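K.L.:
For reference, the sequence and a predicted model appear below.
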Amino acid sequence: MQMQIFRKTVLGLMILGLTVGMIAILSCGGSSDDNTVKRQANLQGANERPTPVPNTPGSGTAALTISEDQTQITYTLTFTGLSNVTQAHIHVGDANTAGPIILFLCTNIGGAPAGAVGAQPCPTSSGTVTGTLTSVDLIPRAATAATPAVNTFSDAVTQIVNGNTYSNVHTQANPSGEIRGQDTQ
């Protein structure tokens, strides 16, 4: 009798262990992008540098996802309330710096590197742009007094991961940028 109780107890514990193990595995989601890095920017006129654009009706978001192997950045740029959008980019620079462009998100005036995904057109007032950036899209930049060098796609990824980039949407009325946000967590 005691042996039967022991066997039932052991069997019950094994079933419990398997159940808990399956719940743990399923709760992980089994996703292949567990090691991706995500950054998001909330774009506002007050964030523009050197001169904020506090009265703009524009706003937006930029979501960046760096692949696990850090060879691609997928992005979704959404904005509203703007007029005559000319282009949108990722710049290198901290929150108080107007830094150089390193990656195009979209443009209506040209100027993106040949074959770059960023050469796609921007919505002119409100909309969403999505794409994937790779090393062919990079515009290498030398270091300045205010910004680090970005010579490789790996350098760009490092700057994004470290929160030292910002997404910016430019318009005809504000050619140096109308809405901007730091690419942070």
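P.N.:
Received the coordinates, thanks.

K.L.:
all strands for the protein, in order.
P.N.:
Residue ranges of the strands in the chain, as given by DSSP state E, are 37-44, 59-66, 73-80, 85-92, 101-107, 127-133, 165-171, 179-182.

K.L.:
Partner strands of the fourth one, with direction?
P.N.:
Translated: strand 85-92. Strand pairing for strand 85-92, determined by DSSP bridges: strand 101-107 (antiparallel), strand 165-171 (antiparallel).

K.L.:
that older thread, ranking the strands of the chain by burial, who's on top?
P.N.:
With neighbours taken as mean count of other CB atoms under 10 Å, the strands of the chain reach their highest mean count in strand 165-171, at a mean of 28. C-beta here means a position set from N, CA and C on the backbone, and glycine is covered the same way.

K.L.:
Rounded mean pLDDT for that one, please.
P.N.:
With pLDDT averaged residue by residue, strand 165-171 scores 98.

K.L.:
got the contact list for it?
P.N.:
The contact list for strand 165-171 (CB atoms under 8 Å, 6 or more residues apart in numbering) reads 41, 43, 47-48, 58, 60, 62, 64, 77, 79, 82-93, 95, 99, 102, 105, 122, 156, 159, 176-183.

K.L.:
now that strand against strand 127-133, angle please.
P.N.:
For strand 165-171 against strand 127-133, the angle by axes from the mean of the first three to the mean of the last three CA atoms, to 10 degrees is 140 degrees.

K.L.:
Just the C-alphas of strand 165-171, formatted as PDB.
P.N.:
C-alpha atoms of strand 165-171 as PDB (Å, rounded to 0.1, in the frame of the first residue of the first chain):
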ATOM      1  CA  THR A 165      20.700  59.100 -32.400                       C
ATOM      2  CA  TYR A 166      17.500  60.900 -33.100                       C
ATOM      3  CA  SER A 167      14.800  60.600 -35.700                       C
ATOM      4  CA  ASN A 168      13.800  63.800 -37.500                       C
ATOM      5  CA  VAL A 169      11.100  64.800 -39.900                       C
ATOM      6  CA  HIS A 170      11.800  67.900 -42.100                       C
ATOM      7  CA  THR A 171       9.300  70.100 -43.900                       C
END
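
K.L.:
Cool, thanks, signing off.
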